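1. Build me a structure from this.
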Amino acid sequence: MATVSKATAGRVDIAPNAFVVPMAQTIVGSMAGGRPNFMAVAWLTRVNYQPPMLGVAINRRNFSHGAIAASGQFSVNFPTVDMTAVTDYTGLASGARVDKSGLFEVFHGHLDAAPLIRECPLGIECRVHTAVELPSNTFFIGEIVGAWCAEDCLDGDGAPDPKLLRPMLLTMPDNRYWAMGDVVGRAWHDGKALRVRAGG
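-> Modelled structure (predicted):
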């Protein structure tokens, strides 16, 4: 029988890929063969503040990978919870076999190879800054050159309001979509009293 230390008592060592962390579900846009192409992507994160940068992990086997690598541009579009089915479809159907250019009303901002989706209340245009090669994916780090938000999703300060955006979240490996919950606190604010008491 395995010995359990006090440090790990009450904890189970789950498989490395079994952890469940909510991720923003997006649709990454690219241009391939002169037409817009779209792919569901949730493996993304902010990576730099100034200049603003966003990173997305794309498997090298995916059709979108070649399109992004060739153009050096991509978009990140944030669908609402009402767009679950079409978002999921963009991840099921490969652009190598299916023309997905007619799924959405497309517009362009500053970049010609980063198609934006009008049905998504928030769309971000990125120019590839760095491509980091990982065992199966390429982590494309893009500098944000434009962020386009629907006017009716802005708060009183002119910033996107998450409740109005109604973004989708994804958890893996249970592969479920979620809606965002309620506000529970304020970052860089709620811990100030503890910092004062700790003298930090």
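
2. Go ahead and name everything in contact with stretch 11-27.
-> 38-44, 76-79, 87, 90, 117, 120, 167-174, 177-178 (Cβ atoms under 8 Å, 6 or more residues apart in numbering). To be clear about C-beta, it is placed using only N, CA and C from the backbone, and glycine gets the same treatment.

3. and that stretch, which residues are buried?
-> For stretch 11-27, a neighbour-count test (16 or more other Cβ atoms under 10 Å) marks Met23, Ala24, Gln25, Thr26, Ile27 as buried.

4. rewinding a little: so which of the contacts of stretch 11-27 belong to strands?
-> Among the contacts of stretch 11-27, the members found in strands (DSSP state E) are 38-41, 44, 76-78, 117, 168-171, 177-178.

5. coming back round to it: what remains of the contacts of stretch 11-27 if I keep only buried residues?
-> So, by 16+ other Cβ under 10 Å, the buried ones in the contacts of stretch 11-27 are 38-44, 76-79, 87, 90, 117, 120, 167-171, 177.

6. Okay, now the unreliable bits of this protein?
-> 1-5 (pLDDT under 70).

7. Helices of that one, start to end?
-> With DSSP state H as the criterion, the chain has helices at 63-71, 84-92, 162-165, 192-198.

8. Reformat the buried residues of stretch 11-27 as JSON lines; add distance to Gly33.
-> Formatted as JSON lines, the buried residues of stretch 11-27 follow (distance: Cβ to Cβ, whole Å):
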{"residue": "Met23", "distance to Gly33": "29"}
{"residue": "Ala24", "distance to Gly33": "28"}
{"residue": "Gln25", "distance to Gly33": "26"}
{"residue": "Thr26", "distance to Gly33": "22"}
{"residue": "Ile27", "distance to Gly33": "19"}
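
9. What is the most widely separated pair among those residues?
-> Met23 and Ile27 (13.5 Å; Cβ to Cβ).

10. Lys100 is in contact with Val86, correct?
-> No - if you go by Cβ atoms under 8 Å, Val86 and Lys100 don't touch, sitting 9.6 Å apart.

11. between the two, which one's more packed in?
-> Set Val86 next to Lys100 and count neighbours by other Cβ atoms under 10 Å: Lys100 wins out with 21 against 17.

12. shouldn't that one be in contact with Phe38?
-> Yes - look at Lys100 against Phe38 with Cβ under 8 Å: they come within range, at 5.0 Å.
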